[in-house]
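S.K.: Quick one: sequence plus predicted model below, questions after.
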2 protein chains.
Amino acid sequence: MVAPIRFGIMGCADIARKICRAIGLAHNATVVAVGSRSADKARRFIADNGLPENTHVHGSYEELLEDPAVDAVYVPLPTSLHVHWAVAAAGKGKHVLLEKPPALNAAELDRILEACEVNGVQIMDGTMWMHHPRTAKMRELLSDPDLFGQVKRTNSIFSFNGDSDFLKNDIRVKPDLDGLGALGDAGWYCIRSILWANDYDLPRTAIAFPNPVKNEAGVVLSCDASLHWEDGRVATFHCSFLAHLTMDLTVIGSKGTLQLNDFIVPIEQKSAHFTFASGSCFDDLVDSWTTFPKKHVVSTDLPQEALMVSEFSSLVAAIKESGAKPDHKWPTISRKTQVVLDAVKTSLDSGSKPVQIAF
Amino acid sequence: MVAPIRFGIMGCADIARKICRAIGLAHNATVVAVGSRSADKARRFIADNGLPENTHVHGSYEELLEDPAVDAVYVPLPTSLHVHWAVAAAGKGKHVLLEKPPALNAAELDRILEACEVNGVQIMDGTMWMHHPRTAKMRELLSDPDLFGQVKRTNSIFSFNGDSDFLKNDIRVKPDLDGLGALGDAGWYCIRSILWANDYDLPRTAIAFPNPVKNEAGVVLSCDASLHWEDGRVATFHCSFLAHLTMDLTVIGSKGTLQLNDFIVPIEQKSAHFTFASGSCFDDLVDSWTTFPKKHVVSTDLPQEALMVSEFSSLVAAIKESGAKPDHKWPTISRKTQVVLDAVKTSLDSGSKPVQIAF
């Protein structure tokens, strides 16, 4: 029996509550410390989240990183602080579970990845839906040449309605905190889903749509882009803080179509579904379909965030217990997502010019 | 009891079988004549479709238009022939149910509409899904300011897999027949659905995506475009003969989301559904939704094409029996669709330049 990976939580952001619970749910992880800019805030987080009384309280992030009981940190800090604190964590030999987007741009992410590589620590970004068993089941169908064929077109949407408090005060609308706005937050998921659907084959070009909606500080609140591959494949996405909650992913292949409407956060926690159609056609008079799209249901005992923590902790345990090398799959996927996001941002900032994507 | 409207079918295209049956199903319509370039072909169509033996056989379209027993013609001819035959029909006082796209461009459509106006005959294009009761039910929800709010984003997809025979021989891949290809066929539905979702408020700009797929003759087999409104609304569509059958319409508002996956041809003929969500948000830990999208089911005894024929025939009957003026709602919607299609085509042909849409 391998000892559970001991987490330090770095900052008491709202999202930290969810991952704190997830660490508790994962069989191979445990929270041993909470660090905040104020010890009081860390203490309150410990109490509010039902953590044991002996959980270490740290009144600064530096102090948390010095804690020898901590194997790994979960970093839910604003994106602008990621490069500093992720690099610092790696420097102290702490493995890093980093909220998305992992960085403001690929150059910053490269500094983080390099620090992790040099120090032999694992890094993973916090894109939880990747770890839901539904995602694996969908991948299985997309990979079937007879049922799905070749991917042709992907469309991804993530919008939600930020209320007036969100639109005024949330870190995601502040240029100095999460300056990528809706593109870095909602758009991250869309880009990731498109890459996932295309088996991480990078598109060649990104073209942002003209006239994204920005707030007074210039942070994007709603935008769209199209992605283009050399072989003619196309993807589109829409990300927004200004429209009703919608989370669509549609992947159309030469022989099948995958669809789901809750890809980032499943509507129900324990039972998630998606629709897959293959070989659909019309009846003779073209007034109904001969093959109906099929609904697939995938159950999970643990929520996807706990499965993410568990996967991360397994990788950390392999390094810690068996001297394994850090896994490269997850950081490579992070970097691809960030590189596409960079290209979209550049296109947005240049008035919708097509931007080449280089890895 | 008003006498049924007497239809002449002008050409024996595959799609004519469906409308022939629909005319039989509609309570206020009947087929009295079939015209083809060969009398034999017309006779065979009459036999194959179970029409009465006394159905008039015409060995030319001219002859069909001279038949005094014919009130209205259904025109399933290739689009390149529409302007000639629709104008000729109107000139003979025949009402015109015209397959979509009604014309190759708005200038041609205007000639048709003018001929209908001058001759006091009704025109309607053959966009069948407009007439399904599901469409009216969805409109009701989209028009509810509390449930749906303001429309923000629309996405529409219609793709199907043309087989090798289709891609070689169908009129929709021939530059001299249906030269608009996938844009005129599948794209017509997408553009119409976007206009419908936006209450026929015309977008200001169309931008085609770069590198549409064309056949050797230059006919579009697959393309995409985005549409942009002055107030920031955006729509995208994808139309293709080269991907698995998919028919998505997603309409996102400030307060609600409408979704369906079979908007053009319902999966089942008698029972169609769609999903509508309103006020959706996440639970406290953002790991499930508090309000589930709701599935609405709308039943119909008659297929949508019969309801279309019935609606058209009612308008014709009002003109014929009560001296009413031709209705302008349907031709106006046709023209708006054609105008947007023109702009997309111009953008496609100009390497994705933004094209202003003028009505």
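M.R.: Yes, it's here. Residues are numbered from 1 along each chain as shown, chains lettered A, B, ... in the order given.

S.K.: Chain neighbours aside, what residue packs nearest to A:Leu195?
M.R.: For A:Leu195, ignoring the flanking residues on the chain, the nearest one in space by CB to CB, 6 or more residues apart in numbering or on different chains is A:Lys336 at 5.7 Å. From N, CA and C alone the C-beta is placed, and that goes for glycine too.

S.K.: Show me the domain layout of chain A.
M.R.: What automatic domain parsing lists as the domains of chain A is A:5-129+A:305-337, A:135-299+A:345-356.

S.K.: Can you lay out those domains as JSON lines showing mean pLDDT, mean neighbour count and distance to B:Phe45?
M.R.: What follows is the domains of chain A, written out as JSON lines (pLDDT from 0 to 100; neighbours: other CB atoms under 10 Å in any protein chain shown; distance: least, CB to CB, whole Å):
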{"stretch": "domain A:5-129+A:305-337", "mean pLDDT": "97", "mean neighbour count": "20", "distance to B:Phe45": "53"}
{"stretch": "domain A:135-299+A:345-356", "mean pLDDT": "97", "mean neighbour count": "20", "distance to B:Phe45": "14"}
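
S.K.: Show me the helices in the stretch 151-300 of chain A, by range?
M.R.: Assigned by DSSP state H, counting those that start in this stretch, the helices in the stretch 151-300 of chain A fall at A:164-169, A:181-184, A:186-197.

S.K.: can you pull the pLDDT of A:Ala358?
M.R.: Note on A:Ala358: pLDDT of 87.

S.K.: Let's verify the closest residue to it other than its chain neighbours: helix, strand, or coil?
M.R.: The shortest distance from A:Ala358 to any non-neighbouring residue, by CB to CB, 6+ apart, is to A:Val339 (7.3 Å). Under DSSP: H, G, I helix; E, B strand; the rest coil, A:Val339 falls in the helix class.

S.K.: burial count for A:Val339?
M.R.: Other residues near A:Val339 come to 20 when the count uses other CB atoms under 10 Å in any protein chain shown.

S.K.: Only C-alpha atoms, please: export the helix or strand in which the residue nearest to A:Leu195 is found in PDB.
M.R.: Assigned by DSSP states H and E, A:Lys336 falls within helix A:329-349. Output in PDB follows, covering the C-alpha atoms of helix A:329-349 (Å, rounded to 0.1, in the frame of the first residue of the first chain):
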ATOM      1  CA  LYS A 329       1.500  13.300 -21.800                       C
ATOM      2  CA  TRP A 330      -0.300  15.800 -19.700                       C
ATOM      3  CA  PRO A 331       2.200  18.700 -19.900                       C
ATOM      4  CA  THR A 332       2.300  18.200 -23.700                       C
ATOM      5  CA  ILE A 333      -1.500  18.500 -23.900                       C
ATOM      6  CA  SER A 334      -1.300  21.600 -21.700                       C
ATOM      7  CA  ARG A 335       1.300  23.200 -24.000                       C
ATOM      8  CA  LYS A 336      -0.700  22.400 -27.200                       C
ATOM      9  CA  THR A 337      -3.800  24.000 -25.700                       C
ATOM     10  CA  GLN A 338      -1.800  27.000 -24.700                       C
ATOM     11  CA  VAL A 339      -0.100  27.400 -28.100                       C
ATOM     12  CA  VAL A 340      -3.500  27.400 -29.800                       C
ATOM     13  CA  LEU A 341      -4.900  29.800 -27.300                       C
ATOM     14  CA  ASP A 342      -1.900  32.100 -28.000                       C
ATOM     15  CA  ALA A 343      -2.600  32.000 -31.700                       C
ATOM     16  CA  VAL A 344      -6.300  32.900 -31.100                       C
ATOM     17  CA  LYS A 345      -5.200  35.700 -28.800                       C
ATOM     18  CA  THR A 346      -2.800  37.100 -31.400                       C
ATOM     19  CA  SER A 347      -5.500  36.900 -34.100                       C
ATOM     20  CA  LEU A 348      -8.000  38.700 -31.700                       C
ATOM     21  CA  ASP A 349      -5.400  41.400 -31.100                       C
END
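
S.K.: Report the distance from that helix to the chain centre.
M.R.: Here helix A:329-349 is found 12 Å from its chain centre; the criterion is CA atoms, centre = their mean, to the nearest Å.

S.K.: Compute the inter-axis angle for that helix and helix A:186-197.
M.R.: Note on geometry: by axes from the mean of the first three to the mean of the last three CA atoms, to 10 degrees, helix A:329-349 and helix A:186-197 are set 120 degrees apart in direction.

S.K.: downstream neighbour of helix A:329-349 in the secondary structure list?
M.R.: Later in the chain than helix A:329-349, the nearest helix or strand by DSSP H and E is strand A:355-356.

S.K.: and that next one, what other elements does it pack with?
M.R.: On a contact count with 3 or more CB pairs under 8 Å, 6 or more residues apart in numbering or on different chains; DSSP states H and E, strand A:355-356 meets strand A:205-208, helix A:329-349.

S.K.: Can you name the residues in contact with stretch A:106-121?
M.R.: Contacts with stretch A:106-121, where a contact means CB atoms under 8 Å, 6 or more residues apart in numbering or on different chains, come from A:82-83, A:86-87, A:89-91, A:93-96, A:98, A:102-103, A:122-123, A:319, A:325-326, A:331, A:334-335, A:338-339, A:342.

S.K.: Going along the chain, name the strands of the stretch 1-150 of chain A.
M.R.: A:5-10, A:29-35, A:56-58, A:72-75, A:95-98, A:123-125 (DSSP state E, counting those that start in this stretch).

S.K.: can you put those in TSV and add distance to B:Ile267?
M.R.: Conversion of these to TSV gives the following (distance: least, CB to CB, whole Å):
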stretch	distance to B:Ile267
strand A:5-10	47
strand A:29-35	44
strand A:56-58	57
strand A:72-75	44
strand A:95-98	43
strand A:123-125	38
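
S.K.: any idea how far the residue nearest to A:Ala358 lies from chain B?
M.R.: Per CB to the nearest CB, to the nearest Å, A:Val339 is found 20 Å from chain B.

S.K.: repeat for A:Gly351
M.R.: Distance, A:Gly351 to chain B, by CB to the nearest CB: 11 Å.

S.K.: Repeat that for A:Val70.
M.R.: Going from A:Val70 to chain B by CB to the nearest CB gives 24 Å.

S.K.: So which residues on the stretch 1-150 of chain A come close to chain B?
M.R.: Within the stretch 1-150 of chain A, the positions near chain B by CB under 8 Å from any CB of the partner chain are A:Ile15, A:Arg17, A:Lys18, A:Arg21, A:Gly149.

S.K.: Just these: which are in helices?
M.R.: In helices, defined here by DSSP state H, the members of these are A:Ile15, A:Arg17, A:Lys18, A:Arg21.

S.K.: In contact with the last one: list those residues for me.
M.R.: With contacts defined as CB under 8 Å, 6+ apart, A:Arg21 is in contact with A:Asn49, A:Glu305, A:Ala306, B:Leu285.

S.K.: my guess is A:Val251 meets A:Ser143, correct?
M.R.: No: when contacts are counted by CB atoms under 8 Å, A:Val251 is not listed as touching A:Ser143 (11.7 Å).

S.K.: Thanks a lot, catch you later.
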